[in-house]
Each structure stands twice: as C-alpha cells, then as structure tokens.
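**Q** Just the structure for this:
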Amino acid sequence: MKIPDKKPAKKRPLSEIEAAECSALNAIYKAKKKALGISQEKIAIEGLKANSQSAASHYLTGRNALNIEAAAVFARYLQVPVSDFSERLAKEIKGISGYSESNVGESRQPIESYRYPVISWVAAGAWAEAVEPYPAGFSDRYEFSEYDSKGAAFWLEVKGDSMTSPVGQSITEGTLILVDTEAEAAPGKLVIAKLPDSNEATFKKLVNDGGKLFLKPLNPGYPIEPFDEQCRIVGVVVRALQKF
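**A** This is a model prediction of the structure:
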C-alpha cells in the first residue's frame, strides 16, 4: 500500500495588524527604492543574510509577518524609523534596548542593526583563552541588535533559573543575552565569567561587598560565589532579548 506524502504544515495566517505592517512597509519600499538605489535582492542578501530575494519579498507581500530583526534591517535600508510601518515592533525595540522617549524623541532616525553570532556556553567559557575571536565555523546562527559593541560580541541563550528573581531585575531561561567582551565590567553589572573549575561560562551579577568582589545570582535560592584572581570576566551583558 502506498503511503501518501506528508503534507507540509500550513502557515499561520497574518493578523490584521501584521498584514497592515507589511502593506505599509511595501508602500514605503515602492516609493523609495529608486531614489535609494536598493532592491529586494540587496536587502535580502546583504541585510537579512538570506540566499535569495524571496526573503525580502515574503515580508513585503505579507507572506511572512515582520519581526524585530527584519524590521530593523528594512528600516536601515529604507532610511526610516521602524514606527513608520510598525508601531508595535518599534515599541518592542525600545523596550529591549532601554531607550526612553527623551533620547528617541522625534529624531526619526533609522535604527541601525548589527549582526552577532549565537554561541554555546562552552564556547563562551573558552573565550578567555581564545586567540582568534571568530574562527571558521564559530557559529551557524546569528541575531540582530541595534547595539554597536565596543569589542567582539556574541549572543548566549540563558539556561536554568539562577538569574530568575521573584522581584526586581530578572532574566528568565530561554532569554538571549548579548555579551560585549570590551564593555567595562564594573560592580552592579551583569557579566559572563569563567570560573577556574568549569569549562563553561557562568552568568551572574558582579557585586562588591566589603571591598571584595562576588558573582551573585539574581535567584536567592542559588549561592553567591567569590570572584578571585583565577576567575576571568568574559564580557558584560548589554542587551536581553526574548524570542517567541
């Protein structure tokens, strides 16, 4: 008996808001593409890092809903703020980046987008001893951020609940955190550190207590660890991004 081919899963239809965002973006693209000398292929291959122009076309025609990363790329190439075609995503970007109305205001400048690799905790732990920051095959996954890093930077996906707090600052499991290896690691900052007895990096808050440094989890159920001369700061967490 012949087994019928498995049908591909149907794509989720866009909501009215998502469809309107794509339509508004398409209108801006058609109005500005000639003057800016851009094409769908240029945006897709250079900006979205895709293999063909269809990646851009799917957003413009409403086949795919826009997300933060794609919106930031289109905004950069079209030289408009994300809010010109998606107030929803513009608010999300402001929330992630920590912008306030005072420093965004009505400047209407496009949001720059930078591409950073997503790496493993083991790779992050090896960073302190790495001679070459980005060796061949370092990562096959990348995410975007408006943050312009001071040095080499990368994303890590949070594991466990040691940084989940019932009150105040909290970073839940599954959150992507952006690590800048050249940002200043001052007390009070969230940092990625390499402990002498572990191959992996660890995510903690650097604190000063009585003139001594400690690595403190945000979850009070986990122990505080002393930061001594054998510990190494890999980088400072500068952004947090929840992927849905």
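**Q** gap between residue 66 and residue 87?
**A** Distance, residue 66 to residue 87, using C-beta to C-beta, to the nearest Å: 12 Å. Every residue, glycine included, has its C-beta placed from N, CA and C.
**Q** who has more neighbours, those two?
**A** Higher neighbour count among residue 66 and residue 87: residue 66, with 23 against 13, using other C-beta atoms under 10 Å.
**Q** so where do the strands sit in this structure?
**A** Along the chain, the stretches classed as strands by DSSP state E are 114-117, 142-145, 153-157, 176-180, 190-194, 201-209, 212-216, 225-226, 232-241.
**Q** mind giving me TSV with those and columns for distance to residue 47?
**A** Converted to TSV, those look like this (distance: least, C-beta to C-beta, whole Å):
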stretch	distance to residue 47
strand 114-117	9
strand 142-145	9
strand 153-157	18
strand 176-180	19
strand 190-194	28
strand 201-209	30
strand 212-216	38
strand 225-226	41
strand 232-241	18
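**Q** Switch these over to CSV; also include mean neighbour count and distance to residue 42.
**A** Output for the strands of the chain, formatted as CSV (neighbours: other C-beta atoms under 10 Å; distance: least, C-beta to C-beta, whole Å):
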stretch, mean neighbour count, distance to residue 42
strand 114-117, 16, 16
strand 142-145, 20, 17
strand 153-157, 22, 25
strand 176-180, 22, 26
strand 190-194, 22, 35
strand 201-209, 19, 37
strand 212-216, 17, 45
strand 225-226, 12, 49
strand 232-241, 20, 26
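**Q** Ok, which of those comes nearest residue 70?
**A** Closest to residue 70 of the strands of the chain, according to C-beta to C-beta: strand 142-145, at 8.6 Å.
**Q** what's the weakest-modelled helix or strand in the chain?
**A** Least confident helix or strand, the chain: helix 101-104 with a mean of 31, by mean pLDDT, DSSP states H and E.
**Q** How far off centre is the lengthiest helix in the chain?
**A** Secondary structure assigned by DSSP state H gives helix 16-36 as the longest helix of the chain. From the chain centre to the centre of helix 16-36 is a distance of 24 Å (C-alpha atoms, centre = their mean, to the nearest Å).
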